[in-house]
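1. Turn this into a structure:
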Amino acid sequence: PSGSKWACWNCRMSSEALERGYTCPITNCIMFSPTIASDGHTYELHAIQVWVATALDNDKQPLSPATGLPLTNLVIRPNVELLREIEKFVIKNKLQQHPDCVR
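-> Sure, this is the predicted structure:
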């Protein structure tokens with residue numbers, strides 16, 4: 001809400017969010033749709049989808065953004081437990097999603 005005490009997720013990046021693994025290694029933003037890829041790392045859903053699609057569009061094997069190694073498969077699944085933690089963190093710290101965040 002405009003004029004309130006809320007800060008956007010991008011502007012309120014805290015070391016706590018980073019330390020807790022709430023930020024996407026691709027976007028460096030707090031995730032609102034955390035998704036586990038085959039490398040075992042969690043990424044923002046849209047960010048990892050774009051990452052993989054870009055590699056495939058360029059006839060390349062998608063690599064893990066975290067390790068640089070080839071992704072063993074393209075299966076992704078929601079990280080529900082992390083999502084619950086992030087939701088609590090967002091409410092506690094009165095954060096709101098920035099309009100420019102990737103969707």
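2. Would you confirm that residue 47 contacts residue 23?
-> No - judged on CB atoms under 8 Å, residue 47 makes no contact with residue 23 at a distance of 10.9 Å. In this view, the C-beta of every residue, glycine as well, is placed from N, C-alpha and C.
3. For the spatially most central residue of the chain, what are phi and psi?
-> Taking CA atoms, centre = their mean, the centroid of the chain lies closest to residue 44, which sits 2.7 Å from it. Backbone torsions of residue 44, given as degrees, to the nearest 10, read phi -60, psi 130.
4. tell me the contacts of it?
-> By CB atoms under 8 Å, 6 or more residues apart in numbering, the contact list for residue 44 reads 24, 26-27, 29, 31-35, 102.
5. Which of these scores worst on pLDDT?
-> The lowest pLDDT within the contacts of residue 44 belongs to residue 102, with 45.
6. Correct me if wrong, but residue 72 is in a helix.
-> No - Residue 72 is assigned coil when assessed by DSSP: H, G, I helix; E, B strand; the rest coil, not a helix.
7. Could you measure from residue 83 over to residue 20?
-> Note on residue 83: its distance to residue 20, by CB to CB, to the nearest Å, is 13 Å.
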